[in-house]
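1. the following block contains a protein sequence and its predicted model.
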Amino acid sequence: MSLILQVDELTRSFGKVNAVNGISFNVKQGTCFGLLGPNGAGKTTTIEMLEGIVKPSSGKILYQGKPLTESIYQELGIQFQHTAIQDYLTVKETLEMFGAFYHHTIALDELIELCQLEDFLQQDHRKLSGGQKQRLLLALALINDPKLIFLDEPTTGLDPHSRRLFWQLVNKIKANGKTIILTTHYMDEAEYLCDEIAIMDKGKIIALDTPDNLLKQHFKGALIKLNGSAFNHDAVMPFEYQVVADKILIQSADIQATLLQLINQEIALDGLQVKSATLDDLFLKLTGHGLNMKEEPAHV
Ligand SMILES: Nc1ncnc2c1ncn2[C@@H]1O[C@H](COP(=O)(O)OP(=O)(O)OP(=O)(O)O)[C@@H](O)[C@H]1O
């Protein structure tokens, strides 16, 4: 599979803040690549450099083997976290207005059908629900029939039904051969949509691979979770464990044997969970903090 994007040692500082600190990755054509991380990790700065909106402090970005130029931006589709749309326009008028910005556009009927906008075409865009608004923003990102589409936290704040509907749309777009770069706080979204992910924390990539490979690499067998208060940490435990946030994580290849050991050690099993590891667990393991944590001070 050919590479649509190659990123090498990309860095961007704002004064003393290293928002993005020497990251490298490749994106294969026709795949969905996820950039994950907590608030302030550097995701938006990264995609804004890829989109040509923010100038890198250093590093290299190649699009289809060549450096980014003005003309390439006609080939990109961008769904921003917030897009200013002129007031009083209907959905149809909004689509027509954005279409006029590009030399080449997709047929509007096709786009309206794909993004399921038929029922709202004559509605003022300000009256759309959250899910409908996101579908309109996606349609605007697709209007120039781009090869590479950036979706920046597209489902933040949506209800579960609207999120699932949006995921189906993203999969349809991918099935049409498009490449997608997605940023998200939602690990289930990344597991469902992304072929490859980069987990960012404090401006750096701390893990990069397919979701499956990352989970296999970092977790053997099942994951047993207990409340942090369950252990006397001075006592010697007959198994390895990790304390992250307010939880104790034990990786176990033999669940029965580990549970028996816990019972023999008279450890309170309140809050016990036995499950397969998820990307949330991986993030917790790698960083020692959850994805939904409050924003940390800037990384200087
Ligand atoms: N224009 C700017 N001027 C100064 N600092 C900035 C600027 N843009 C981003 N930063 C800082 O760079 C760091 C990374 O921010 P960025 O928005 O890229 O993170 P993010 O992972 O996208 O976060 P979120 O999930 O909240 O959107 C933060 O500390 C942020 O305050």
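-> That came in fine, so what should we check first? Residues are numbered from 1 along each chain as shown.
2. so which residues on this protein come close to the ligand?
-> 14, 17, 19, 37, 39-45, 298 (Cβ under 6 Å from any ligand atom). Using the backbone N, CA and C atoms, a C-beta is placed for each residue, glycine as well.
3. buried set for the lowest-mean-pLDDT helix or strand in the chain?
-> Across the helices and strands of the chain, mean confidence by mean pLDDT, DSSP states H and E is lowest for strand 242-244: a mean of 79. With burial defined by 16 or more other Cβ atoms under 10 Å, the residues of strand 242-244 counted as buried are V244.
4. mind checking which of the residues of the chain next to the ligand are buried?
-> 17, 19, 37, 40-45.
5. could I get the residues you listed as a markdown table with pLDDT and secondary structure?
-> Below are those laid out as a markdown table (pLDDT from 0 to 100; DSSP: H, G, I helix; E, B strand; the rest coil):
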| residue | pLDDT | secondary structure |
| --- | --- | --- |
| V17 | 94 | strand |
| A19 | 97 | strand |
| G37 | 87 | coil |
| G40 | 88 | coil |
| A41 | 91 | coil |
| G42 | 94 | coil |
| K43 | 93 | helix |
| T44 | 91 | helix |
| T45 | 95 | helix |
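6. relative to K202, which of those is nearest.
-> A41 (6.7 Å; Cβ to Cβ).
7. now that closest one. Nearest residue, chain neighbours left out?
-> M200 (4.2 Å; Cβ to Cβ, 6 or more residues apart in numbering).
8. quick one: that neighbour and G34 touch, right?
-> No - M200 is beyond contact range of G34, at 10.4 Å (criterion: Cβ atoms under 8 Å).
9. what about the helices in the stretch 101-250 of the chain?
-> Secondary structure of the stretch 101-250 of the chain by DSSP state H, counting those that start in this stretch: the helices cover 108-114, 130-142, 160-175, 187-193, 211-218.
10. the third one vs helix 130-142, what angle?
-> Taking axes from the mean of the first three to the mean of the last three Cα atoms, to 10 degrees, helix 160-175 and helix 130-142 form an angle of 20 degrees between their directions.
11. and the contacts of helix 160-175?
-> 30-32, 114-116, 129-131, 134-135, 138, 142, 149, 151, 154-155, 158, 180, 182, 186, 189, 192-193 (Cβ atoms under 8 Å, 6 or more residues apart in numbering).
12. which SSE is T94 in?
-> Take DSSP states H and E as the rule and T94 turns out to sit in helix 91-99.
13. from the chain's centre, how far out does that helix sit?
-> Chain-centre distance of helix 91-99: 28 Å, with Cα atoms, centre = their mean, to the nearest Å.
14. next: stretch 121-133.
-> That offset, for stretch 121-133, works out to 25 Å (Cα atoms, centre = their mean).
15. list the buried residues for stretch 10-21?
-> For stretch 10-21, by 16+ other Cβ under 10 Å, it's 10-13, 17-21.
16. of those, closest to the ligand?
-> Within the buried residues of stretch 10-21, the smallest distance to the ligand is 3.2 Å, found for A19 (Cβ to the nearest ligand atom).
17. quick one on the thing from earlier: packing partners of the least confident helix or strand of the chain?
-> strand 247-252, helix 279-287 (3 or more Cβ pairs under 8 Å, 6 or more residues apart in numbering; DSSP states H and E).
18. out of these, which is closest to D109?
-> helix 279-287 (37.6 Å).
19. coming back round to it: got the contact list for the helix holding T94?
-> So helix 91-99 is contacted by 85-86, 89, 105, 108, 111-112, 117, 120-123, 125, 128, 136, 139-140, 143 (Cβ under 8 Å, 6+ apart).
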